[in-house]
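**Q** Next come a sequence and a model predicted from it.
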Amino acid sequence: MSTDQPLAFESSVPLAAVPAATASRIALPAGVKPLQPDWPNVIVIAFYHLAAIAAFLPIYFSWTGVLVAIVTARLTGLLGINLCYHRLLTHQGFKCPKWLEHSLVVIAVCCVEDTPARWVAVHRRHHHHADAQPDPHSPLVNFFWGHIGWVLFKNPELARLGLYDRYAKDILRDRFYVKLERNAMQLQIIAAQWALFFVVGFIAGLLTTDTWTDAALFGGSIMLWGVAVRTVFVWHQTWSVNSITHLWGYRNYETNEDSRNNLFVGYLAHGEGWHNNHHAHPRSARHGHRWWEFDTTYLTIKLLERLGLATDVAVYTPPRATTESPHP
Ligand SMILES: [Zn+2]
Ligand SMILES: [Zn+2]
């Protein structure tokens with residue numbers, strides 16, 4: 001990572017039980033006006049939530065759909081967002097072949113959390129100003145803002161060009177990621193996944209039901225559960241890291257913001273909820289530092305390393321004596 005990126009530092013503070021840095025409220029990022037919705041985001045988020053609710057209607061509900069949603073949410077959240085956007089692209093915690101990196105980015109784009117340059121830039125800005133006023137999504141403004149409000153309302157400080165220039169120059173050296181900045185390509189990938197889930201479900205329906213109508217309904221079920229429900233689930237999983245883990249949980253490290261390790265988010269989001277550990281050692285590909293802090297994203301990176309598909313894995317290993325000590 002180039003020196004103008006603010007994330008490559010590693011804290012040398014030892015593992016210890018420490019209180020939160022602050023408990024005060026902060027103001028919205030400068031320029032945010034709550035009555036100025038980001039309409040494209042509002043419409044997309046509302047559409048996906050309504051489609052996810054529709055998946056529960058009797059004509060679309062199927063246990064196969066539920067299973068597809070659970071499995072694909074686990075896979076896309078872990079591989080696309082946690083492993084690729086966060087630990088690989090944002091923090092450069094390891095390296096992998098370009099074909100694999102690009103494949104993982106396509107999976108991440110299917111999670112509808114914006115382009116790699118945008119995601120990386122917003123997250124680097126979060127680390128740079130965590131829980132201070134320019135932080136794009138600190139829950140110290142309020143929980144709603146930290147969880148979803150920051151996506152629903154315009155934030156002039158996140159105008160793309162200035163943000164990219166400051167935080168995502170390295171990402172935009174890759175021509176594939178520049179192409180993804182053109183909305184058409186991002187939309188094509190997202191539309192293709194809707195079609196793919198429907199077609200796979202429809203073919204399965206043809207093989208298992210008696211009529212074309214039933215096959216089409218089964219295709220619709222797989223599409224709604226595999227895309228809409230899964231996307232909404234992964235969104236709230238990601239947003240919980242921004243909101244919950246800056247409010248509730250315990251702290252292993254003395255960091256200059258309010259990051260916490262939260263058991264619920266830690267297990268739900270494949271290790272991303274060990275967020276205090278992460279803020280203390282942001283480049284480390286390993287976020288779980290204590291024996292109960294399971295980190296399936298890191299285990300996946302280790303698996304890729306075993307397979308020869310990940311190299312230069314940056315790992316912070318906590319002192320052994322303190323990791324075995326009980327924690328309040
Ligand atoms: Zn954070
Ligand atoms: Zn991070």
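**A** That came through fine. Numbering: from 1, shown residues only. Ligands and ions are numbered 1, 2, ... in the order given.

**Q** buried stuff in stretch 184-199?
**A** Neighbour-count burial for stretch 184-199, with 16 or more other C-beta atoms under 10 Å as criterion, is recorded at 186, 189-190, 193-194, 197-198. C-beta coordinates here come from the backbone N, C-alpha and C atoms, glycine included.

**Q** What's the mean pLDDT across the longest helix seen in the chain?
**A** In the chain, with assignment by DSSP state H, the single longest helix is helix 183-208. When the per-residue pLDDT values of helix 183-208 are averaged, the result is 95.

**Q** and the next element down the chain from that helix?
**A** Next in sequence after helix 183-208, counting helices and strands by DSSP states H and E, comes helix 212-223.

**Q** relative to helix 183-208, how tilted is the helix or strand following that following helix?
**A** For helix 212-223, the following helix or strand on the C-terminal side (DSSP H and E) is helix 230-243. With axes from the mean of the first three to the mean of the last three C-alpha atoms, to 10 degrees applied, the angle from helix 230-243 to helix 183-208 works out at 130 degrees.

**Q** Just the pLDDT at Ile59, thanks.
**A** What the model reports for Ile59 is a pLDDT of 96.

**Q** Surely it forms part of a strand?
**A** No. Secondary structure assignment places Ile59 outside any strand; it is coil (DSSP: H, G, I helix; E, B strand; the rest coil).

**Q** quick revisit: just how off-centre is the longest helix of the chain within its chain?
**A** On the basis of C-alpha atoms, centre = their mean, to the nearest Å, helix 183-208 sits 22 Å off its chain's mean C-alpha point.

**Q** Can you tell me which helices and strands that helix packs against?
**A** Counting contacts by 3 or more C-beta pairs under 8 Å, 6 or more residues apart in numbering; DSSP states H and E, the secondary-structure elements packed against helix 183-208 are helix 63-76, helix 98-109, helix 212-223.

**Q** I'd like to know how many residues surround Tyr167.
**A** Tyr167: 25 surrounding residues under other C-beta atoms under 10 Å.

**Q** Please apply the same query to the one 3 residues further on.
**A** Neighbour count for Asp170, taken as other C-beta under 10 Å: 16.
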